[in-house]
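*Asks:* no FASTA, just this:
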């Protein structure tokens with residue numbers, strides 16, 4: 001269940017767009033895009049792998065990891081926020097059919 005929503009999020013939201021939306025401008029060309037804003041210390045986005053590397057902070061990850069770190073969320077919170085941003089239904093973490101839950 002969680003894997004499915006994660007794949008849908010990653011298919012709809014490009015990491016470079018999410019990072020730029022958070023105020024970190026990136027070049028529009030190239031596989032490796034380096035943020036040159038003062039204080040970003042080696043923030044590089046690999047658009048081919050959809051991963052970021054922030055060398056000065058010894059930090060790296062995918063779009064979910066980015067949101068976890070920037071917003072102070074856990075995995076579920078980051079997935080839920082990104083699902084809303086991607087106009088996807090909120091994840092059903094229990095794996096139950098929501099209609100059956102409502103009927104109970």
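*Replies:* That came through, no problem. For clarity, every value in this text was computed on a predicted model and none was experimentally measured.
*Asks:* In contact with the residue nearest the centre of the chain: list those residues for me.
*Replies:* Closest to where the C-alpha atoms of the chain average out (C-alpha atoms, centre = their mean) is residue 63, at 2.4 Å. Going by C-beta atoms under 8 Å, 6 or more residues apart in numbering, residue 63 touches 9-10, 13-15, 18, 50, 82. In this view, the C-beta of every residue, glycine as well, is placed from N, C-alpha and C.
*Asks:* From those, pick the one nearest residue 95.
*Replies:* Taking C-beta to C-beta as the measure, residue 95 lies nearest residue 9 of the contacts of residue 63, at 17.5 Å.
*Asks:* residues in contact with the closest one?
*Replies:* Applying C-beta under 8 Å, 6+ apart, the residues contacting residue 9 are 63-64, 79, 82-83, 86, 88.
*Asks:* please redo it, this time with the cut-off set to 6 Å
*Replies:* Contact analysis of residue 9 by C-beta atoms under 6 Å, 6 or more residues apart in numbering lists 82, 86.
*Asks:* and the next element down the chain from the helix or strand it falls within?
*Replies:* Under the criterion of DSSP states H and E, residue 9 resides in helix 2-12. Using DSSP H and E, the next helix or strand after helix 2-12 towards the C-terminus is helix 15-21.
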